[in-house]
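> This is a predicted model, with the sequence first.
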Amino acid sequence: MRKEKGFSRQKKTTRKAGKALGGLLLAIIVIGILGVFLTYNLNKTNKNLENWERYAIIGKNNIIVVYEDKLAVKIPFDVQVDKETTIKKLVDSKNYKMVIDSINNFLPEKVQNYKVIKYSEIALNVKNARNIPEMVIDDKKYILTSGTQSLFADLYGGELKGSTNLVVDILNANGVGGYARKTGENLKNKLALTYTAANYEKNTNYSLIKINEISKENIENILANVNEKYFKIKEDSDIPTLASVVLILGKEKDIDFKIEIKGTTAEAKSALKELESSGYKNVTLKEDSKKLDKSVIEYNSEDYYTALKIAKKLNISNMLENNSLSNKINILID
């Protein structure tokens, strides 16, 4: 009986050793297959990247945007896309098209191609490699759009097609998908400026405008080439940007805003017709025989850019601030 027990124990030990050896062999085979798979995919990835002039690599902690052999820009995952969303949050959702669309909002030169590479390293043969310019507001990192423009101009060989130092942030506050980007492309094509497009934190009825540093001529040109009409000046500084100007494009529907034209001449009637045909609402004509040397537009200070658009449309050069007005513009026609 003792011999049988001993023999039984020996058989069990042999089986365990056999299982362990089998498991080890299986692990080696799996690792080998995985290695071949990763090598194949890495070679395939490298081949794809070689065929692209510009592309983004979505890695483990950063996105690297590559422009030919000239420039690679690293964008960390902890950078904010807006007040609530970081790039990491978008990457974690695995909606990579949205990731690319979001970073394109901040890049002077856009990219379309991308690769997700989490478990290997890619050698980048570029002349210049830089981190995206950042600024910190309320302990959150944001992309410094004006610095990005300078970075590209200096290190991408000055080849930004038709762009200038004028940077415009365009924020969508009307709920229409892609509207800010569409507006930005229109301005870029017509005025050769650089823009970034994103969604505002909430939808607004009026449009808003925040001026940082821009000439009167440039702002007039920008306003003349956007569809929005009712701009109120945004005084607070809760928008993290050093762009020349920020446009927040609102819905502009059912707005409680009046435009009153005063005059008795044919020019007064023509002004009424011109504004109505241009889409302005709540425009009225009041007969007023008051004699004027020149036509004048009266406005509240916060409505200056609304009045400016109207003045340019009606070819009126005289503008008078009148802060007793509330959501109203007076147009006095000589």
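In hand now; what should we look at?
> mind showing which ranges of the stretch 101-250 of the chain have poor pLDDT?
119-122, 146, 149-150, 153-165, 237-240, 242 (pLDDT under 70).
> Which residue ranges of it form helices?
For the stretch 101-250 of the chain, applying DSSP state H, counting those that start in this stretch gives helices covering 145-155, 179-191, 216-224.
> Mind giving me the packing neighbours of the last one?
Secondary-structure packing of helix 216-224 (3 or more CB pairs under 8 Å, 6 or more residues apart in numbering; DSSP states H and E): helix 179-191, strand 245-250, helix 304-314. (Each C-beta comes from the backbone N, C-alpha and C, glycine too.)
> May I see the helices of the stretch 101-250 of the chain arranged in JSON lines, with mean neighbour count and distance to Ala129 as well?
Listed next are the helices of the stretch 101-250 of the chain as JSON lines, based on neighbours: other CB atoms under 10 Å; distance: least, CB to CB, whole Å:
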{"stretch": "helix 145-155", "mean neighbour count": "19", "distance to Ala129": "9"}
{"stretch": "helix 179-191", "mean neighbour count": "17", "distance to Ala129": "27"}
{"stretch": "helix 216-224", "mean neighbour count": "15", "distance to Ala129": "33"}
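> Output those helices in JSON lines; the columns should cover distance to Val245.
Below are those laid out as JSON lines (distance: least, CB to CB, whole Å):
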{"stretch": "helix 145-155", "distance to Val245": "11"}
{"stretch": "helix 179-191", "distance to Val245": "11"}
{"stretch": "helix 216-224", "distance to Val245": "6"}
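> right, and those helices - which one's nearest Leu308?
Closest of the helices of the stretch 101-250 of the chain to Leu308 is helix 216-224, at 6.6 Å (criterion: CB to CB).
> which residues touch that closest one?
166, 168, 187, 191, 193, 211, 231, 244-245, 247, 305, 308-309, 312 (CB atoms under 8 Å, 6 or more residues apart in numbering).
> CA atoms of that helix as CSV?
Output of helix 216-224 as CSV, limited to C-alpha atoms (Å, rounded to 0.1, in the frame of the first residue of the first chain):
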residue,chain,number,x,y,z
LYS,A,216,-10.7,99.3,-36.3
GLU,A,217,-10.2,98.5,-40.0
ASN,A,218,-9.7,94.8,-39.2
ILE,A,219,-12.7,94.5,-36.9
GLU,A,220,-14.9,96.3,-39.5
ASN,A,221,-13.8,93.8,-42.1
ILE,A,222,-14.5,90.9,-39.9
LEU,A,223,-18.0,92.1,-38.9
ALA,A,224,-18.8,92.8,-42.6
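> ok so, going back, between the contacts of helix 216-224, which has the most around it?
Ranked by neighbour count (other CB atoms under 10 Å), those have Leu247 at the top, with 29 neighbours.
> Skip the chain neighbours and tell me the closest residue to it.
Spatial nearest neighbour of Leu247, chain neighbours left out: Ile170 (5.1 Å); criterion: CB to CB, 6 or more residues apart in numbering.
> check contacts around the one you found.
So Ile170 contacts Ala180, Arg181, Thr183, Gly184, Leu187, Tyr195, Thr196, Ala197, Ala198, Val246, Leu247, Leu249 (CB under 8 Å, 6+ apart).
> how about Val73, what does it touch?
Ile64, Val65, Tyr67, Leu107, Ala129, Arg130, Asn131, Ile132, Leu151.
> and with 7 Å instead?
Counting by CB atoms under 7 Å, 6 or more residues apart in numbering, Val73 touches Val65, Arg130, Ile132.
> List the residues that contact Asn125.
Asn125 neighbours (CB under 7 Å, 6+ apart): Asp69.
> Would you quantify the distance from it to Ile222?
39 Å (CB to CB, to the nearest Å).
> Check Lys309 too.
10 Å.
> List phi and psi for the residue nearest to Glu213 when sequence neighbours are not counted.
Leaving aside its chain neighbours, Glu213 sits nearest to Ser244 (5.7 Å; criterion: CB to CB, 6+ apart). Per-residue torsions, Ser244: phi -60, psi -40 (degrees, to the nearest 10).
> Does Ser244 touch Asn212 like I think?
Yes - with contact defined as CB atoms under 7 Å, Ser244 counts as touching Asn212 (5.8 Å).
> rewinding a little: of all the helices and strands packed on helix 216-224, which lies closest to Leu275?
The minimum distance between Leu275 and the helices and strands packed on helix 216-224 falls on helix 304-314, with 7.0 Å, by CB to CB.
> Taking their axis directions, that closest one and helix 216-224 sit at what angle?
80 degrees (axes from the mean of the first three to the mean of the last three CA atoms, to 10 degrees).
> Check the average confidence over helix 304-314, would you?
The average pLDDT within helix 304-314 is 95.
> 72 is where my numbering starts, stick with that
Okay, residue one is now 72; in that scheme the one you just asked about reads as helix 375-385.
> Convert it to CSV, retaining C-alpha atoms only.
What follows is helix 375-385, C-alpha atoms only, in CSV (Å, rounded to 0.1, in the frame of the first residue of the first chain):
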residue,chain,number,x,y,z
TYR,A,375,-21.3,99.8,-30.4
TYR,A,376,-20.5,96.9,-32.8
THR,A,377,-24.2,96.4,-33.7
ALA,A,378,-24.3,100.1,-34.5
LEU,A,379,-21.1,99.9,-36.4
LYS,A,380,-22.4,97.2,-38.7
ILE,A,381,-25.5,99.3,-39.4
ALA,A,382,-23.4,102.5,-40.0
LYS,A,383,-21.2,100.7,-42.6
LYS,A,384,-24.3,99.3,-44.3
LEU,A,385,-26.0,102.7,-44.5
